[in-house]
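>>> Requesting a structural model of the entry that follows:
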Amino acid sequence: MHTDSSIAKPSVESFEAIIVGGGMVGTALCALLAQAGMQVALVEAKPAPLSLEDATSVLPAPRVSALTPVSQRLLTHLGAWPAMQKTRVTPYQGMQVWDAEGSGEIAFSADEAGVAVLGHIVENAVTLAALNSQVVDHPNVTPFFGARLQALQRPSSYPSKQASSGDWLILDDGRQLHAPLIIAADGAHSVLREMAGIEVASDDMQQEAVVTTVKCAKPHGGAARQAFIDGRPLAFLPLTLEGNDHYCSIVWSTTPEHAAELSELPREALGKALGRAFGYRLGEVTACDKAHRFPLVQRHARHYVQPHFALVGDAAHSIHPLAGQGVNLGLMDAAVLAEEVVHAWQRGAPWGELSTLRRYERRRRFDNSAMLGLMKGFKVLFGSHDPALTLVRNLGMSGMNQLVPLKRVLMRQATGERGRLPLSCR
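Numbers count the residues shown, from 1 in each chain. The predicted structure is shown next:
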């Protein structure tokens with residue numbers, strides 16, 4: 001039989017784990033696995049990794065996160081935090097929340113919680129760039145930037161649901177990647193999750209988030225502030241630029257119609273609208289950028305794992321930005337999954353088998369479900385115009401403000417100190 005040797009078969013590159021999605025969560029997971037000694041492929045559609053120079057070359061990016069002390073410890077463990085501290089990281093020691101429709105108000109402080117800070121407001125771009133610096137040149141990481149998925153190939157059946165050697169990813173340029181474990185970290189609209197056939201429960205919050213950066217007449221004083229305006233939370237999150245503490249990142253979760261109006265306002269009118277809505281608590285407000293908007297939909301995957309396959313971060317769950325917990329939940333997913341996988345890999349057990357991955361799912365699903373439920377409850381409570389509920393929430397906020405022990409418990413929860421933490425976060 002004659003074989004045309006000029007027709008080359010696509011080669012298969014094998015790894016111990018493949019991560020699809022080079023956002024903050026996927027890159028943190030990549031760093032955790034690589035630093036433990038595993039050979040990891042990182043597949044990302046964007047053409048090149050973001051550098052810290054690029055991330056900080058302009059005014060703060062509109063998308064920020066409130067990183068908890070637990071997330072800070074993870075980023076320190078990965079070596080990313082020192083680089084972040086040298087750029088733009090704003091600690092906050094206080095938090096004020098009030099109902100603009102009533103008299104209820106509550107204030108939290110780091111002193112009451114017995115911690116140095118409640119958290120840090122950090123641009124997502126800064127966090128990602130610092131994590132990129134830990135993986136792009138790591139000898140255990142093979143990055144595939146500018147790569148898109150064409151297919152997920154899986155054996156037709158898994159004997160005992162565990163005996164397969166793994167799955168294959170086919171990239172759009174024909175390259176084939178194989179690993180005993182493939183992880184979807186490609187966001188709320190995960191293509192890989194869809195390829196795996198994992199269903200998602202969605203809850204349209206009927207709101208959009210409006211984000212921008214502003215400069216205020218008064219300094220923020222290291223406090224995060226949030227007002228509930230007709231059930232629409234407006235947050236002023238502290239930012240510090242070159243020692244100037246008059247900047248804030250804005251997140252206003254509002255109706256799609258109102259979000260469209262805000263996004264069309266010129267900067268001067270936008271600043272006035274934000275200052276007026278916030279009751280001028282930080283004085284006059286000047287918008288540094290236009291308003292950006294994106295829809296708010298809470299999602300939760302029916303399952304986090306299949307044999308040789310796992311979801312992390314927004315691919316597994318996406319949450320209302322009300323409490324700024326989205327990336328913290330995702331980073332905890334990454335830390336727990338890495339801990340379970342590395343433990344199996346180090347003892348020579350099949351790290352992609354379902355029993356290993358289900359330990360990750362058990363450790364994370366309850367915490368994620370509880371936070372998703374809490375955010376939905378807040379939306380219902382503060383979005384109601386019922387006079388009885390208005391009275392309850394105002395009395396509840398004002399009463400809780402006097403109960404320091406209860407506030408301390410709540411603040412410890414909010415700082416990420418929940419359940420059994422992975423070693424990388426302790």
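>>> Where does pLDDT dip in the stretch 51-200 of the chain?
Along the stretch 51-200 of the chain, the model assigns pLDDT under 70 to residues 103, 156-164.
>>> So which residues of it form helices?
Under the criterion DSSP state H, counting those that start in this stretch, helices of the stretch 51-200 of the chain are mapped to 52-55, 69-77, 81-85, 110-113, 124-135, 191-195.
>>> Looking at those, which is nearest to A344?
For A344, the closest of the helices of the stretch 51-200 of the chain is helix 69-77, at 19.9 Å, according to C-beta to C-beta. No exception for glycine: its C-beta is placed from N, CA and C like everyone else's.
>>> Give me the residues contacting the closest one.
With C-beta atoms under 8 Å, 6 or more residues apart in numbering as the test, helix 69-77 has contacts from 28, 67, 81-82, 84, 115-120, 127, 130-131, 327-328, 331-332, 334-335, 415-417, 421-422, 424-426.
>>> how about CSV for the helices of the stretch 51-200 of the chain, with mean neighbour count and distance to Q93 added?
Listed next are those as CSV, based on neighbours: other C-beta atoms under 10 Å; distance: least, C-beta to C-beta, whole Å:
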stretch, mean neighbour count, distance to Q93
helix 52-55, 16, 25
helix 69-77, 23, 12
helix 81-85, 18, 16
helix 110-113, 17, 4
helix 124-135, 24, 20
helix 191-195, 20, 38
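>>> So for G231, which of those helices sits nearest?
Closest among the helices of the stretch 51-200 of the chain, using C-beta to C-beta: helix 124-135, at 26.2 Å.
>>> distance of A36 from E339?
9 Å (C-beta to C-beta, to the nearest Å).
>>> who's more crowded, those two?
Remark: of A36 and E339, E339 carries more neighbours, 20 against 17, as counted by other C-beta atoms under 10 Å.
>>> What are the phi and psi values at that one?
phi -60, psi -50 (degrees, to the nearest 10).
>>> separation between the nearest residue to it once chain neighbours are set aside and L32?
Leaving aside its chain neighbours, E339 sits nearest to P422 (4.4 Å; criterion: C-beta to C-beta, 6 or more residues apart in numbering). To L32, P422 is 9 Å away according to C-beta to C-beta.
>>> Of the two, which one has the most company?
L32 (26 against 20).
>>> related to what we said a few turns ago, among the contacts of helix 69-77, which ones are buried?
28, 67, 81, 84, 115, 117-120, 127, 130-131, 327-328, 331-332, 334-335, 415-417, 421-422, 424-425 (16 or more other C-beta atoms under 10 Å).
>>> So which elements touch the strand or helix carrying W345?
In the assignment (DSSP states H and E), W345 maps to helix 326-346. The elements that helix 326-346 packs onto, with contact taken as 3 or more C-beta pairs under 8 Å, 6 or more residues apart in numbering; DSSP states H and E, are helix 24-36, strand 64-67, helix 69-77, helix 354-383.
>>> rerun at 6 Å
Secondary-structure packing of helix 326-346 (3 or more C-beta pairs under 6 Å, 6 or more residues apart in numbering; DSSP states H and E): helix 24-36, helix 69-77, helix 354-383.
>>> Tell me which of the helices of the stretch 51-200 of the chain sits nearest to D203.
For D203, the closest of those is helix 191-195, at 16.9 Å, according to C-beta to C-beta.
>>> Give me the number of neighbouring residues for G114.
Neighbours around G114, by other C-beta under 10 Å: 9.
>>> swap in I182?
By other C-beta under 10 Å, neighbour count at I182 equals 28.
>>> swap in T286?
Residues within reach of T286, counting by other C-beta under 10 Å, total 18.
>>> Which strands border the helix or strand that contains it, and is each parallel or antiparallel?
Secondary structure assigned from DSSP H and E places T286 in strand 285-287. Partner strands and pairing direction for strand 285-287 (DSSP bridges) are strand 200-216 (antiparallel).
>>> Can you name the next helix or strand after the strand it pairs with?
Where DSSP H and E defines the elements, the next helix or strand beyond strand 200-216 is strand 223-229.
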